[in-house]
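Participant: Predicted model, plus sequence, below.
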Amino acid sequence: MTIKIITQKNAYHDSVTLMAISGKITAMTGVNEAVVAMATAMNKDLLARVGMLTAEVDQCEANDLIIAVRADTDEVCQQAAAMVDELLTKRVSDSAGQGQVQPATVGSAVKMAPDLNLAIISTPGQYAAREAMQALKAGLHVMMFSDNVTVDEEIELKKYAHAEGLLMMGPDCGTAIINNVGLCFANAVRCGDIGVVGASGTGTQEVTVLIDKFGGGVSQVLGTGGRDLSEAVGGIMMLDCLAALSRDENTRVIVLISKPPAKAIADKVLAEVKKCLKPVVVCFLNGDDAQIEQAGATFGGSLEETARRAVLLSRGESVVKGADCGHKPLLAMADGIRAKLCPGQKYIRGLFCGGTLCDEAMNIVKNKTGRAFSNVAKDKAFKLTDPHESREHTFIDLGDDVFTVGRPHPMIEPGLRLPRILQEARDPEVAVLLLDVELGFGSHPDPAGVILPAIAEAKEIARKQGRCLEVIAYVCGTAGDKQGKAEQERKLAEAGVTLAKSNARGAYLAAAIIAGGGVDE
Amino acid sequence: MPTVLAAVSGDARCLDRLFRPGFSGRVHSIFAKVVNVCDKDEELFSLAAADLDNAPHTVLVAFPAGFRFDAAGIVSGDPVSSGRGVLAIGPSLTVTAASAASWQDVLPRFPAGRGLSILGANLAVLADIIAATGTDGGLKEYYTGGGQGDSSLFSRELAARATGLVAALEAADFTAAAGCGRSLLGLGTGQTPSGDDFLAGLLTVFHLPGSPFGEDYRKLSQRLSREAERLTAAISQAMLHQAAEGRARQSVISLLEALIAGEALQIGTAAARVLALGSSSGTDIAVGLASGLRHGLWLLEKQAKEDRHDNQNNNPKECVP
């Protein structure tokens, strides 16, 4: 065990910088303890009690910053020290380069560039509505990445946008592709004639990525924000986007994606779908296929099925129910994996960065096994009381506020997931870890690379206890994404991870491993 | 040419001190949105971006596009001086205060009567908010009773010492309370240690007008403020001095107002602004505020029980001959 101490005399850094340093060091493999603190008497006393007080720290004064790292080897300590140095230096150099003019307000941005027609709002929630309204009043469409905006504010913004013929995408809208330009978490997908309206970010990513995979392409991808189809908001933006795509001459097929909407709003949306002259594929996750088909639309039972059917329709081919999603090969694979498990291994733990992917996987497993718990379950009976502790089959959305306050979203910083991977690996009842890896413009540059050490350690923990831990991952991305889908998949495969061809297939496989044959299709 | 920034608002006393002719000091510390300056007696004053909230000893200034203090060409130790209504900071920065609005912090009254049950209910709302959105690593676990099994080294110590402090207050043992409070000073991670943030919240509540906290509590505040001078860092010292004088930033005042007389939506909005302070600072301050308010309710309940007991003993109908 080695200890490395970095001290800075009278050093003052923004809390966010210190927090980032603390997070990055703690996430390093081989690091046992990392402390970023002022060298006060109480802190020094505490460090002494855990054996981390060196003579160097002892000489520091209360206004000095100390960064103390305890790691398995000297090499890890040196790596941590180099990282600290780099992060602190980077902040300084980032601060020094101020060549680009950055407008401070929406108003000044419009004055500087009168041709602007869309604003992306990504401020803390309490300020977002005000900025969005300013943008709408300046005649801009709005994509609001911010969350924590009140329902009343959302309704006011959407009503205003509707009256002015503008798009108000969000709040909490993370994915859009407008005129071939991918925004926020969008993926590099092929251009085409399928228009997508999504009330869920990773759901939209998954459908557009799979449309690309099946040979189709997208015309426009519009987001509405997750609450749009609630009773209170009334689907204002889903209806406006549906109307816009109905008028768009480059759109031949329309796809609507959402978690299950409020009944009255589903009726309202489907009534408009019925009037639409273009083929519409509707994916209301875990939704009612009969209701959707009565509206003359095509039902998408999973995100994969939605994409597959949209591509068929865009080619002018007909959709034959039950003929397009075969999972039989998964059953054979599941039998092989199950044979390697110990008798006590019976649960699936899904650790997801994408909320809708988490939801889809949870529903698939719950439909098959009857029980699945989650931090985001709507059914109170299956909502985890403590999101930090799993129970039976558990599906965790790591993008939920409880995990992300003060931290970047796990699609930007996937390191958030590492301790939980190890925690689940230590549970002798766990058979399968189910993971998602999102690629795209806004995502981490190497999300698979970040989780590899934890996956290796997790498998080793299980191996030492005489168990075999199955890790299934799905990489949501395209060959065109900056991270490179093939490279990301190669890394995971080399670490012994089973790769799924879609999020749904990963969940079906996990369910089949646990529950045996007869996976519903 | 130096960059000229316009102050938009500021603590009335701070505006007067900084922009009065003859102020002389130096740059203490520089962050992206805040620069701290100190006078010859090492008293700290802050100049902060206008999107932050008004606070004691702070002046808010409007930033031009892309501006940040840590890229403004000033360094720690640069001279600071005032004259002709402007404050010159180092060679490259000047702040004018001609159109700055004056701000004063006014703490809300501790509730009474039916207001006590509203406060009790609102504290439960705040506990849920802290549990769901507060930052780990400081006092969050102490307050929410949560805990992930492997809570950090600091969290465990902070929780033990905060528990000791509240127990000492409930026992009206102010010597023990001072010892427990002292043990929290300077304890925790980050630029302002969590123990300091917690105490700042707690001491602020002791100064609410109409509260059940007596002179002993204010003496305890003063004592901890003095101890802070040798036990914690300069920025924390300034924060604790202000708290011990019953001074608080606007976001803290708004949260107190919401807890005392607001509804869930107002609490959520106000709590979000406090929780956003620093990394874990906001959470620890909120826990300090909530702990103080809870203790106030406990004191009043205890007093009411004692009053009832006294009344019963004095009830002539129940006197035993």
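Facilitator: Received the coordinates, thanks. Numbers count the residues shown, from 1 in each chain, chains lettered A, B, ... in the order given.
Participant: Give the buried residues for stretch A:470-485.
Facilitator: Within stretch A:470-485, the residues that qualify as buried are A:470-478, A:481, A:483-485, counting by 16 or more other C-beta atoms under 10 Å in any protein chain shown. Yep, even glycine has a C-beta here, placed from its N, CA and C like the rest.
Participant: what distance separates the start and the end of that stretch?
Facilitator: Using C-alpha to C-alpha, to the nearest Å, one end of stretch A:470-485 lies 21 Å from the other.
Participant: And that stretch, how far out from the chain middle?
Facilitator: Relative to its parent chain, stretch A:470-485 has a centroid offset of 13 Å by C-alpha atoms, centre = their mean, to the nearest Å.
Participant: Ok, stretch A:255-265 next?
Facilitator: Worked out by C-alpha atoms, centre = their mean, stretch A:255-265 lies 20 Å from the chain centre.
Participant: now swap in stretch B:207-223 and tell me
Facilitator: 15 Å.
Participant: Closest to A:Asp172 out of the buried residues of stretch A:470-485?
Facilitator: A:Cys476 (18.5 Å; C-beta to C-beta).
Participant: circling back to that earlier point, same list, the buried residues of stretch A:470-485, but as TSV with distance to A:Lys259, secondary structure and pLDDT please.
Facilitator: TSV is the format used below for the buried residues of stretch A:470-485 (distance: C-beta to C-beta, whole Å; DSSP: H, G, I helix; E, B strand; the rest coil; pLDDT from 0 to 100):
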residue	distance to A:Lys259	secondary structure	pLDDT
A:Glu470	28	strand	96
A:Val471	27	strand	97
A:Ile472	23	strand	97
A:Ala473	23	strand	97
A:Tyr474	19	strand	97
A:Val475	23	strand	97
A:Cys476	17	strand	97
A:Gly477	22	coil	96
A:Thr478	24	coil	94
A:Asp481	25	coil	92
A:Gln483	27	coil	91
A:Gly484	30	coil	91
A:Lys485	26	helix	93
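Participant: For those residues, could you give me JSON lines that also reports distance to chain B?
Facilitator: Converted to JSON lines, the buried residues of stretch A:470-485 look like this (distance: C-beta to the nearest C-beta, whole Å):
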{"residue": "A:Glu470", "distance to chain B": "25"}
{"residue": "A:Val471", "distance to chain B": "22"}
{"residue": "A:Ile472", "distance to chain B": "26"}
{"residue": "A:Ala473", "distance to chain B": "25"}
{"residue": "A:Tyr474", "distance to chain B": "27"}
{"residue": "A:Val475", "distance to chain B": "29"}
{"residue": "A:Cys476", "distance to chain B": "27"}
{"residue": "A:Gly477", "distance to chain B": "30"}
{"residue": "A:Thr478", "distance to chain B": "34"}
{"residue": "A:Asp481", "distance to chain B": "30"}
{"residue": "A:Gln483", "distance to chain B": "29"}
{"residue": "A:Gly484", "distance to chain B": "33"}
{"residue": "A:Lys485", "distance to chain B": "34"}
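Participant: Now A:Gly216: closest residue in space that isn't a chain neighbour?
Facilitator: A:Val311 (3.7 Å; C-beta to C-beta, 6 or more residues apart in numbering or on different chains).
Participant: typed the wrong thing, it's A:Ala34
Facilitator: A:Ile25 (4.1 Å).
Participant: what's whichever strand or helix holds the one you found in contact with?
Facilitator: Secondary-structure assignment from DSSP states H and E places A:Ile25 in helix A:15-27. Helix A:15-27 has contacts (C-beta atoms under 8 Å, 6 or more residues apart in numbering or on different chains) with A:31, A:34, A:36, A:65, A:67, A:69, A:80, A:83-84, A:87-88, A:91, A:406-407, A:413, A:415, A:418, B:189-191, B:278-279, B:281.
Participant: returning to that earlier point: the residue nearest to A:Gly216 falls within a strand, correct?
Facilitator: No: per DSSP: H, G, I helix; E, B strand; the rest coil, A:Val311 lies outside any strand segment and is helix.
Participant: Quick one, grab the pLDDT at it.
Facilitator: The model reports A:Val311 with a pLDDT of 95.
Participant: Same question for the one 10 residues further on.
Facilitator: Per-residue confidence for A:Lys321 comes out at a pLDDT of 68.
Participant: what does the one 5 residues further on give?
Facilitator: With respect to pLDDT, A:Gly326 scores 57.
Participant: just A:Leu351 next, same as before
Facilitator: The predicted local confidence for A:Leu351 is 97.
Participant: before we move on, could you check phi and psi at the residue in the stretch 151-300 of chain A positioned nearest to chain B?
Facilitator: As assessed by C-beta to the nearest C-beta, chain B sits closest to A:Asp152 within the stretch 151-300 of chain A, at 8.6 Å. When read as degrees, to the nearest 10, the backbone of A:Asp152 gives phi -60, psi -40.
Participant: Determine the number of other residues adjacent to it.
Facilitator: 11 (other C-beta atoms under 10 Å in any protein chain shown).
Participant: list the contacts for it?
Facilitator: For A:Asp152, counting by C-beta under 8 Å, 6+ apart, there are no contacting residues.
Participant: any idea how far A:Leu167 is from it?
Facilitator: Separation of A:Asp152 from A:Leu167 (C-beta to C-beta, to the nearest Å): 20 Å.
Participant: Kindly report the domain assignment for chain B.
Facilitator: Split into domains by automatic domain parsing, chain B comes to B:3-103, B:115-307.
Participant: The last one and chain A, are they touching?
Facilitator: Right, the one you point to is domain B:115-307. Yes: using C-beta under 8 Å from any C-beta of the partner chain, we find that domain B:115-307 touches chain A at B:132-135, B:146, B:148-149, B:153-154, B:157, B:183-191, B:193, B:195, B:230-236, B:265, B:269, B:272-273, B:275-276, B:278-281.
Participant: Same check on the first one?
Facilitator: Yes: judged by C-beta under 8 Å from any C-beta, domain B:3-103 comes into contact with chain A at B:29-32, B:36, B:51, B:63-68, B:70-71, B:76.
Participant: about what we covered before: most packed of the domains of chain B?
Facilitator: Highest mean neighbour count of the domains of chain B: domain B:115-307, a mean of 21 (counted as mean count of other C-beta atoms under 10 Å in any protein chain shown).
Participant: Check what pLDDT B:Asp150 gets.
Facilitator: pLDDT, read off for B:Asp150, is 46.
Participant: do A:Val181 as well
Facilitator: In this model, A:Val181 is scored at 90, pLDDT.
Participant: same thing with the one 4 residues further on?
Facilitator: We note a pLDDT of 90 for A:Phe185 in this prediction.
Participant: Distance of it relative to A:Pro410?
Facilitator: For A:Phe185, the distance to A:Pro410 - C-beta to C-beta - is 12 Å.
Participant: that older thread, mind picking the two most distant members of the residues of domain B:3-103 next to chain A?
Facilitator: Maximum distance among these (C-beta to C-beta): 25.6 Å, for B:Ala65 and B:Ser76.
Participant: Look up the closest residue to A:Asn187, ignoring the ones flanking it.
Facilitator: If the residues on either side of it in the chain are set aside, A:Asn187 comes closest to A:Gly440, at 4.3 Å by C-beta to C-beta, 6+ apart.
Participant: the helices in chain B, which residues?
Facilitator: B:12-19, B:115-133, B:140-144, B:153-170, B:174-184, B:194-206, B:215-231, B:234-244, B:250-261, B:264-275, B:281-314 (DSSP state H).
Participant: Including mean pLDDT, could those go into TSV?
Facilitator: Output for those, formatted as TSV (pLDDT from 0 to 100):
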stretch	mean pLDDT
helix B:12-19	90
helix B:115-133	92
helix B:140-144	87
helix B:153-170	93
helix B:174-184	96
helix B:194-206	97
helix B:215-231	95
helix B:234-244	93
helix B:250-261	95
helix B:264-275	89
helix B:281-314	87
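Participant: closest one to A:Val233 among those helices?
Facilitator: helix B:264-275 (16.6 Å).
Participant: So which elements touch that closest one?
Facilitator: Applying 3 or more C-beta pairs under 8 Å, 6 or more residues apart in numbering or on different chains; DSSP states H and E, we find helix B:264-275 packed against helix A:125-137, helix B:115-133, helix B:250-261, helix B:281-314.
Participant: Can you name every helix or strand that the longest strand along chain B contacts?
Facilitator: If you go by DSSP state E, chain B has its longest strand at strand B:3-11. Contact here means 3+ C-beta pairs under 8 Å, 6+ apart; on that basis strand B:3-11 packs against strand B:58-62, strand B:93-96, strand B:101-103.
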